[in-house]
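> give me a 3D structure for the following:
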Amino acid sequence: MTEADIVEIETWLDTQGLCGTSETALVNGFCERCIAAGIKLERANAFVDTLHPIYEGRVFLWRRDGEIEKPIIEYGSSQSGESAENWQNSTFFHLLQIGEDELRQRLEIIETPAFRHLVTLRDEGCTDYLALIHHFSREGSIGEMDCFYSSWTTDDPHGFEDSDITALRRLTRGLALAIKCASLTRIVRTLADVYLGRDAAQRVLAGRINRGAAERIEAVLWYSDLRDYTRISDAAAPDAIIPMLNDYAEAVISSIQEAGGDVLKLIGDGTLAIFTHGESATACTAALKAQKALRKRLIGLNQTREAAGQPTTKVYLGLHIGEVFYGNIGSDTRLDFTVVGPAVNEVSRIASMCRSVDQDILISESFAAALPAELRAKLVCVGRFALRGVGRAQELFTIDPAIVYENYQGGASAR
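Here you go, the predicted model:
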């Protein structure tokens with residue numbers, strides 16, 4: 001590999017990093033260019049930790065023959081179980097333990113490689129292995145993302161040339177920086193989605209971050225909370241509260257998101273969400289689809305929790321439709337992207353009425369009026385009520401108990 005080849009690959013890495021090219025495309029393009037310049041790579045492995053509620057990091061795999069079942073592997077915690085054992089038997093763990101950044105292993109000249117995965121590489125015809133770690137500074141780290149790890153393998157009978165090793169040492173710095181840029185962008189999007197909700201995250205990342213930047217929209221509003229949560233939390237062991245909240249929040253949030261809704265707030269055991277599917281009828285239909293999915297999830301969840309001797313509950317739900325202001329509210333240094341307006345107060349009051357009328361779901365008259373006729377026919381009126389803090393009394397509806405019985409209990413009509 002000549003100096004001109006190295007400079008060309010470095011220039012390509014700079015350009016791709018600035019363009020936001022994906023990690024997979026970066027690894028693939030890098031390896032292809034190294035081969036074209038004379039380094040006989042047979043396979044490569046690059047990975048970086050991330051900041052994600054489920055995954056600890058992502059591995060990017062490349063093989064010259066292209067035969068990879070999964071070019072990207074998202075891995076969970078390496079603190080316990082098989083993942084921990086694999087990590088502790090890796091060359092990278094070894095390097096971190098001894099405070100080194102590089103390990104080269106000629107595979108064909110030793111009887112037993114020191115690491116199990118090197119045995120596999122040798123048995124598959126590889127002859128030389130290079131592992132590199134590029135550390136980030138404390139200021140340049142986020143969460144566990146404090147290093148870029150990479151390994152490079154050849155099946156050339158003579159192994160890597162010294163010039164190959166020198167080139168890889170130099171070039172992987174640029175690769176590390178480009179992949180770090182792509183990973184940081186992914187982390188920002190993940191955090192925005194997780195903490196703001198998908199639609200609000202898209203708006204914030206598009207630049208809607210000025211205080212007071214809000215628009216008037218019509219939205220279907222969902223407000224739900226857990227039945228008897230205070231009583232249950234007072235009686236339950238302290239370490240059982242968070243798992244219970246997580247179980248029921250998972251059921252609620254998954255149901256909303258699958259139906260196309262956006263969760264804006266988690267308020268203790270409460271959930272505020274919106275549906276903005278263009279036409280009012282479409283948005284209302286989506287909200288009913290979400291509540292149907294939720295009821296099914298709750299049946300399975302409560303059966304599982306009862307079998308484990310854990311407390312169970314139900315979800316009270318209020319549905320409403322109305323105009324709201326959707327945008328940034330707060331101070332210059334702490335903003336919340338949410339909805340505000342009388343309709344938001346009204347949906348929370350509707351949900352709180354569930355307890356008084358012994359219903360799991362209550363629907364406002366404006367929501368009922370916006371539904372398609374075939375769905376509106378499945379509602380029954382439970383009465384006319386004056387809601388606290390709301391200027392006028394209104395009729396509230398629920399889903400016909402007979403329909404609920406058929407859908408969720410698997411039995412015949414209750415009529």
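> list the buried residues in the biggest strand by length in the chain.
In the chain, with assignment by DSSP state E, the single longest strand is strand 315-330. Buried residues in strand 315-330, defined by neighbour count with 16 or more other CB atoms under 10 Å: 315-322, 324-328. Backbone N, C-alpha and C define where each C-beta goes, glycine included.
> again, but for stretch 153-166
Buried positions in stretch 153-166, judged by neighbour count with 16+ other CB under 10 Å: 153, 154, 155, 159, 160, 161, 164, 165.
> my guess is residue 16 contacts residue 27. True?
No: between residue 16 and residue 27 there is no contact under CB atoms under 8 Å: 10.8 Å.
> helices or strands next to the helix or strand following the longest strand of the chain in the packing?
Scanning forward in sequence from strand 315-330 by DSSP states H and E, the next helix or strand is strand 335-340. Contact analysis of strand 335-340 by 3 or more CB pairs under 8 Å, 6 or more residues apart in numbering; DSSP states H and E lists helix 198-205, strand 214-226, strand 262-267, strand 270-275, strand 315-330 as its packing neighbours.
> go again using 10 Å as the cut-off
Applying 3 or more CB pairs under 10 Å, 6 or more residues apart in numbering; DSSP states H and E, one finds that strand 335-340 makes contact with helix 162-196, helix 198-205, strand 214-226, strand 262-267, strand 270-275, strand 315-330.
> starting from the fifth one, tell me the next helix or strand along the chain.
Past strand 270-275, heading to the C-terminal end, the next element that is a helix or strand (DSSP H and E) is helix 280-307.
> any idea of the angle that following helix forms with strand 315-330?
Relative orientation of helix 280-307 versus strand 315-330 (axes from the mean of the first three to the mean of the last three CA atoms, to 10 degrees): 120 degrees.
> the helices and strands packed on strand 335-340: lowest mean pLDDT?
Among these, helix 198-205 carries the lowest mean pLDDT, at a mean of 88.
> what residues of that one count as buried?
198, 199, 200, 201, 203, 204.
> surely the fourth one is in contact with residue 209?
Translated: residue 201. No: counting by CB atoms under 10 Å, residue 201 stays clear of residue 209, with 11.6 Å between them.
> intersection of neighbour lists for the two?
Common neighbours of residue 201 and residue 209 (criterion: CB atoms under 10 Å, 6 or more residues apart in numbering): residue 337.
> A strand includes residue 82, no?
No: counting by DSSP: H, G, I helix; E, B strand; the rest coil, residue 82 is located in no strand; its state is helix.
> for residue 206, see how far away it is.
Going from residue 82 to residue 206 by CB to CB, to the nearest Å gives 41 Å.
> for residue 96, same thing?
The value you get for residue 96 to residue 206, if CB to CB is used, is 39 Å.
> okay, these two: which has more neighbours?
residue 96 (16 against 8; other CB atoms under 10 Å).
> OK, contacts around that one?
For residue 96, the contacting residues are 87, 90, 133, 135, 147, 149, by CB under 10 Å, 6+ apart.
> try residue 270
Residue 270 touches 223, 224, 225, 226, 229, 249, 252, 316, 348, 351, counting by CB under 10 Å, 6+ apart.
> out of those, who's nearest residue 67?
residue 249 (41.4 Å; CB to CB).
> give me the number of residues near residue 266?
By the measure other CB under 10 Å, the count of residues near residue 266 is 15.
> skipping its backbone neighbours, what lies nearest it in space?
Nearest residue to residue 266, sequence neighbours excluded (CB to CB, 6 or more residues apart in numbering): residue 249, at 6.5 Å.
> tell me the pLDDT of the one you found.
So, for residue 249, pLDDT stands at 95.
> and the helix or strand hosting it, what does it pack against?
Here residue 249, judged by DSSP H and E, is contained in helix 238-258. The contact analysis (3+ CB pairs under 10 Å, 6+ apart) places helix 238-258 against strand 214-226, helix 229-235, strand 262-267, strand 270-275, helix 280-307, strand 315-330.
> pretty sure residue 383 is touching residue 396, no?
Yes: using CB under 10 Å, residue 383 is in contact with residue 396, at 6.6 Å.
> shared neighbours, these two?
Common neighbours of residue 383 and residue 396 (CB under 10 Å, 6+ apart) are 353, 357.
> test my guess that residue 209 contacts residue 337.
Yes: at 8.5 Å, residue 209 and residue 337 qualify as touching, with contact defined as CB under 10 Å.
> who has more neighbours out of those two?
The neighbour count for residue 209 versus residue 337, taken as other CB under 10 Å, is higher for residue 337 (23 against 12).
> quick check: bridge partners of the more buried one?
residue 328 (DSSP bridges).
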